[in-house]
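Asks: Below is the sequence, then the predicted model.
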Amino acid sequence: MNRTRAYDVVLYGATGFVGRQTVAYFATHAGRLRWALAGRNRNKLEAVRAAAGPGAAGAGIVVADAGDVPALASLAREARVVLSTAGPFALYGSALVAACVASRTHYVDITGETPWVRDLIDRHHDQAARDGTRIIPCCGFDSVPSDLGAWLVRQPFLDMGVPCTRVKACFSVRGGFNGGTLASALNMLDAGQATRLADPYLLNPAGSRPAASADDADPVMPHRDTDFQAWVGPFFMGPVNTRVVRRSAALLGYGPDFQYQEYLRFGAGPLAAVTAAGLSAGMRASQSALQLAPVRALARRLAPAPGEGPSQGSMDRGSFRCELVGLGAGGEIARAQITDRGDPGNRVTTKMVCEAALALAGRAASLPGGAKRGGVLTPASGLGAVLVERLRAAGMTLRVQA
């Protein structure tokens, strides 16, 4: 990649709710990197830069509307890495990714819009792979803990020389939603993507779709899981995260028998069982109701608007915990744990996507596959151990044990 470009990283969508947080993060973590804020309104970009304090004073400003193809092309040519938080990505992200692929500019984002990611794979994977350009969506809470967790828990099996055939993840989450996240989810339903969203192998590479298995279907009912010693039920992010992990499994060769599933943890006692049943039923009812356009319209009126989200205090009080269990073909077991403080969908997502961008802006030869690997990748296949170490250094716990 041409290292004489004007910027190492450009933060696109910098005036949005998560975008403003990425600016604040870079203001304290970018070090000597050359970086810039990008979006469609110069005055708002300058205001966000000023609010981030002295650490952002030297950051550049790049004006580029999501529909302005020449401006996006210019932005991509000026950057080594583009970090985008501008969703819904199906509405505002396609031209930016195309510009990055054309300019051989690495790209990360926070999308959980798997149908859009499928379209990126179909349009750009082959070209990006030939050029060594890493296009890595889903680098926020969608889907870094799941993807890196599954990758981590496999490591003891590799050391033992036995295949890991199954990984299960169990999440405990405390946090809120921002308007952009809800807008993305509603936009997918508006676009009639329900059938694609339900495909458990949506992101698998061509030729790597396994025979349909009931174990890969999204859970709909709670159950008591002996490996976690708790009642677990459907996790609202599971239909995104599982698709990403299955793509990693195919790209990295986890094996033809590998399976991945994840759940939400409710606790161990009788009250947990009742809560699991009630919330699982509520989730099914909500998903059915949101298929109706009038219900989605009502949800938009009641939800935070794009650009809005939880208060600083609320985000500070948030947290998440992801426990993973890996099972070997001969009964071997390994466990992993990923935890952090801060609202998962906002504060932690900011840390994850910023560290992903910083990893890409670092030494390319240290990344999985070396400097020449490219394509529409996943956090595990595109960043792997480099992102694990960066997140550990940033205060996140990522632990594995056989």
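Replies: Thanks, I have the structure now.
Asks: how about the helices of the stretch 151-300 of the chain, start to end?
Replies: Secondary structure of the stretch 151-300 of the chain, counting by DSSP state H, counting those that start in this stretch: helices at 179-190, 194-197, 238-252, 270-289, 293-302.
Asks: where does A198 land on pLDDT?
Replies: For A198, the pLDDT comes out at 89.
Asks: Kindly report the same for the one 10 residues further on.
Replies: pLDDT for S208: 85.
Asks: Neighbours of the nearest residue to R42 once chain neighbours are set aside, how many?
Replies: Excluding its sequence neighbours, the residue lying closest to R42 (C-beta to C-beta, 6 or more residues apart in numbering) is V63, at 5.1 Å. C-betas here are computed from N, CA, C, even on glycine. If you count neighbours by other C-beta atoms under 10 Å, V63 ends up with 15.
Asks: likewise L360?
Replies: The burial count for L360: 27, using other C-beta under 10 Å.
Asks: on that earlier part again, so the residue nearest to R42 versus G39, what's the distance?
Replies: To G39, V63 is 7 Å away according to C-beta to C-beta, to the nearest Å.
Asks: what's the overlap in contacts for the two?
Replies: Each of L45 lies in contact with both V63 and G39 under the rule C-beta atoms under 8 Å, 6 or more residues apart in numbering.
Asks: Give the rounded mean pLDDT of stretch 141-153.
Replies: For stretch 141-153, the per-residue pLDDT averages 97.
Asks: how about the strands of the chain, start to end?
Replies: 7-12, 35-39, 60-63, 79-84, 106-109, 134-136, 164-174, 223-225, 230-233, 259-267, 319-328, 333-341, 375-376, 397-401 (DSSP state E).
Asks: other SSEs contacting the lowest-mean-pLDDT helix or strand in the chain?
Replies: Lowest by mean pLDDT, DSSP states H and E among the helices and strands of the chain is helix 179-190, with a mean of 73. Applying 3 or more C-beta pairs under 8 Å, 6 or more residues apart in numbering; DSSP states H and E, one finds that helix 179-190 contacts helix 17-29, helix 89-92, helix 293-302.
Asks: Of the helices of the stretch 151-300 of the chain, which stretch is the most buried?
Replies: Most buried of the helices of the stretch 151-300 of the chain by mean neighbour count (mean count of other C-beta atoms under 10 Å) is helix 238-252; its value is a mean of 25.
Asks: so how far is it off the chain centroid?
Replies: Helix 238-252 sits 11 Å away from the centroid of its parent chain (C-alpha atoms, centre = their mean, to the nearest Å).
Asks: Remind me what it packs against, helices and strands.
Replies: Here helix 238-252 touches helix 114-131, helix 144-160, strand 259-267, helix 379-382, going by 3+ C-beta pairs under 8 Å, 6+ apart.
Asks: ok, the residue located most distally from the centre of the chain to S280 distance?
Replies: The C-alpha centroid of the chain is most remote from P270, which lies 33.6 Å away (C-alpha atoms, centre = their mean). Separation of P270 from S280 (C-beta to C-beta): 16 Å.
Asks: Distance check, the nearest residue to D343 once chain neighbours are set aside against T397.
Replies: Of all residues not flanking D343 in the chain, G318 sits nearest, at 3.3 Å (C-beta to C-beta, 6+ apart). Per C-beta to C-beta, G318 is found 15 Å from T397.
Asks: more neighbours, these two?
Replies: A direct count of neighbours by other C-beta under 10 Å for G318 and T397 places G318 higher, at 20 against 13.
Asks: Quick check: phi and psi on that one?
Replies: Dihedral pair for G318: phi -70, psi 170, per degrees, to the nearest 10.
Asks: weakest of the helices and strands packed on helix 179-190 in terms of mean pLDDT?
Replies: Across the helices and strands packed on helix 179-190, the lowest-scoring stretch is helix 293-302, with a mean of 77.
Asks: could you give the angle of it to helix 179-190?
Replies: With axes from the mean of the first three to the mean of the last three C-alpha atoms, to 10 degrees applied, the angle from helix 293-302 to helix 179-190 works out at 170 degrees.
Asks: Not counting helix 293-302 itself, show me its contacts.
Replies: Residues outside helix 293-302 that contact it (C-beta under 8 Å, 6+ apart): L182, A183, L186, L189, D190, A289, L290.
Asks: and those residues as a markdown table, adding distance to L251?
Replies: Compiled in a markdown table, those are given as follows (distance: C-beta to C-beta, whole Å):
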| residue | distance to L251 |
| --- | --- |
| L182 | 30 |
| A183 | 30 |
| L186 | 30 |
| L189 | 28 |
| D190 | 31 |
| A289 | 36 |
| L290 | 32 |
